[in-house]
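*Asks:* Please find the sequence and the predicted model below.
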Amino acid sequence: QVQLVESGGGWMQPGASHRLSCAVSGRTFRDLIVGWFRQVPGKEREFIAAISGALTPYYSDSMLDRFTISRVNAKNMVYLQLESPKLEDTAVYYCAAKANALPVRSASSYDYWGQGTQVTVSS
């Protein structure tokens, strides 16, 4: 069993960069791909980015320019940096994990999920 805990959510001002964190436990961390998704009420969960145990990143084409995913295997941590947040970035952000295998952009392919952290972008 894998446990994921997101942190770093909350209120943020438009344009101020911010970092979300995901702590992972319960399995050999390098064997996992960890992804970030977000969801707003009434819509499907949306893929943002993922990173493999070998530190290979994968991004949604629409978010490539404003999100950066990173990972520290020694700390079992994955991070998501959001540059210049916009009002439409308001959502619940989730991290998720799966075995090191494609595909990575489909939410249904992930086996483990965190509880989510609310991000609200507002002036």
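*Replies:* Cool, the structure landed. Predicted, not measured: the structure shown is a model, and the values here were computed from it.

*Asks:* Which other helices and strands does the worst-scoring helix or strand of the chain on mean pLDDT contact?
*Replies:* The weakest-scoring helix or strand in the chain, judged by mean pLDDT, DSSP states H and E, is strand 10-12 (a mean of 93). If contacts are counted by 3 or more Cβ pairs under 8 Å, 6 or more residues apart in numbering; DSSP states H and E, strand 10-12 sits against strand 117-121. From N, CA and C alone the C-beta is placed, and that goes for glycine too.

*Asks:* Mind listing residues that contact the strand it packs on?
*Replies:* With Cβ atoms under 8 Å, 6 or more residues apart in numbering as the test, strand 117-121 has contacts from 6-14, 18, 20, 38, 82, 85-94.

*Asks:* Cross the residues you listed against helices and list the overlap.
*Replies:* The members of these all map outside helices under DSSP state H.

*Asks:* Sort out which of those residues are buried, if you could.
*Replies:* 6, 8-9, 12, 18, 20, 38, 82, 85, 89-94 (16 or more other Cβ atoms under 10 Å).

*Asks:* and stretch 103-117, what's its mean pLDDT?
*Replies:* For stretch 103-117, mean pLDDT rounds to 95.

*Asks:* Straight-line length of it, end to end?
*Replies:* The first and final residues of stretch 103-117 sit 24 Å from each other (Cα to Cα, to the nearest Å).

*Asks:* List the buried residues of that stretch.
*Replies:* Those would be 104-105, 110, 112-114, 116-117, for stretch 103-117 by 16+ other Cβ under 10 Å.

*Asks:* Redo these as JSON lines? Include secondary structure and distance to Asp31.
*Replies:* Formatted as JSON lines, the buried residues of stretch 103-117 follow (DSSP: H, G, I helix; E, B strand; the rest coil; distance: Cβ to Cβ, whole Å):
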{"residue": "Val104", "secondary structure": "coil", "distance to Asp31": "14"}
{"residue": "Arg105", "secondary structure": "coil", "distance to Asp31": "20"}
{"residue": "Tyr110", "secondary structure": "coil", "distance to Asp31": "14"}
{"residue": "Tyr112", "secondary structure": "strand", "distance to Asp31": "12"}
{"residue": "Trp113", "secondary structure": "strand", "distance to Asp31": "17"}
{"residue": "Gly114", "secondary structure": "coil", "distance to Asp31": "18"}
{"residue": "Gly116", "secondary structure": "coil", "distance to Asp31": "23"}
{"residue": "Thr117", "secondary structure": "strand", "distance to Asp31": "24"}
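
*Asks:* Fine by me, thanks again.
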